[in-house]
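Novice: only geometry, no sequence info:
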């Protein structure tokens, strides 16, 4: 039972353009959502988060949008940079534990 | 400020053996969570320790057990290893003190680099 889904396993974007990573969830009781970035041989690194009472949170080049009615969130990276190339995981938390999606591998082309 | 550290970085075991993985949380953190990440998958929650007790557990068999020490460090033990236990094991630390996170008060989890376990 996959409660958090990232349906795109990979995405390629040209440097300077927008990257949009998507995530869907099934449980309306989730109260907090996070995006993590993971480089090879490293643990996931926190990127940005959003509470379920908000619909947008912005931090520099990164913006997360939450559409509760559609149970959908997205991460926008503008402008994309080669250093953004990594695997991105979305996660939802119903307290204590994180439920992760399967990840999207982003490749930013120079 | 040292982040989350894990040891060892890599480990090779054979089926039926037992393994112990170790984790030291980020300074100031008192809660440790363990995750298993199989190839091509997202991390799966195993359990969380707070105040030296298991607070919540994911869908993992009793072969997976843990411990938290008074200094907040933690161990993950896996008995009777199966081939399917081969994965990256991630430790994450957090704080129960509200407001110590970087996300407007929410106490997000900080992950270590993981231990790569291979079972032959």
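Specialist: Perfect, I can see it now. These figures come from a predicted structure and were not determined experimentally.
Novice: how about the residues of chain A that lie near chain B?
Specialist: Residues of chain A that fall close to chain B, judged by CB under 8 Å from any CB of the partner chain: A:4, A:6, A:32, A:34, A:36, A:41-46, A:48-49, A:51, A:89, A:91, A:96-103. Any C-beta I mention is one placed from the backbone N, CA and C, and that applies to glycine too.
Novice: ok, now with 10 Å
Specialist: A:1-2, A:4-6, A:9, A:31-32, A:34, A:36, A:38-39, A:41-51, A:54, A:57, A:59, A:87, A:89-91, A:93, A:95-103 (CB under 10 Å from any CB of the partner chain).
Novice: I figured residue B:44 was touching residue B:38, is that so?
Specialist: Yes: here residue B:44 lies in contact with residue B:38, judged by CB atoms under 10 Å, at a distance of 7.5 Å.
Novice: More neighbours: those two, which one.
Specialist: residue B:44 (19 against 13; other CB atoms under 10 Å in any protein chain shown).
Novice: follow-up on the earlier one: show me just the buried residues among the residues of chain A next to chain B.
Specialist: Buried by 16 or more other CB atoms under 10 Å in any protein chain shown: A:4-6, A:32, A:34, A:36, A:38, A:43-44, A:46-50, A:57, A:87, A:89-91, A:93, A:96-103, out of these.
Novice: Just list the residues touching the residue lying closest to residue A:109 once chain neighbours are set aside, thanks.
Specialist: Nearest non-adjacent residue to residue A:109, counting by CB to CB, 6 or more residues apart in numbering or on different chains: residue A:14, 5.4 Å away. Residues counted as contacts of residue A:14 (CB atoms under 10 Å, 6 or more residues apart in numbering or on different chains) are A:79, A:80, A:108, A:109, A:110.
Novice: could you redo the residues you listed as TSV and give each row pLDDT, secondary structure and neighbour count?
Specialist: Converted to TSV, the contacts of residue A:14 look like this (pLDDT from 0 to 100; DSSP: H, G, I helix; E, B strand; the rest coil; neighbours: other CB atoms under 10 Å in any protein chain shown):
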residue	pLDDT	secondary structure	neighbour count
A:79	97	coil	14
A:80	98	coil	23
A:108	97	strand	21
A:109	96	strand	11
A:110	91	coil	8
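Novice: Going by distance to residue A:25, which of these wins?
Specialist: Using CB to CB, residue A:80 is the member of those that lies nearest residue A:25, at 24.5 Å.
Novice: Where does the residue at minimal distance from the centre of chain B sit, in terms of helix or strand?
Specialist: Taking CA atoms, centre = their mean, the centroid of chain B lies closest to residue B:34, which sits 2.6 Å from it. Secondary structure assignment for residue B:34, by DSSP states H and E: strand B:31-37.
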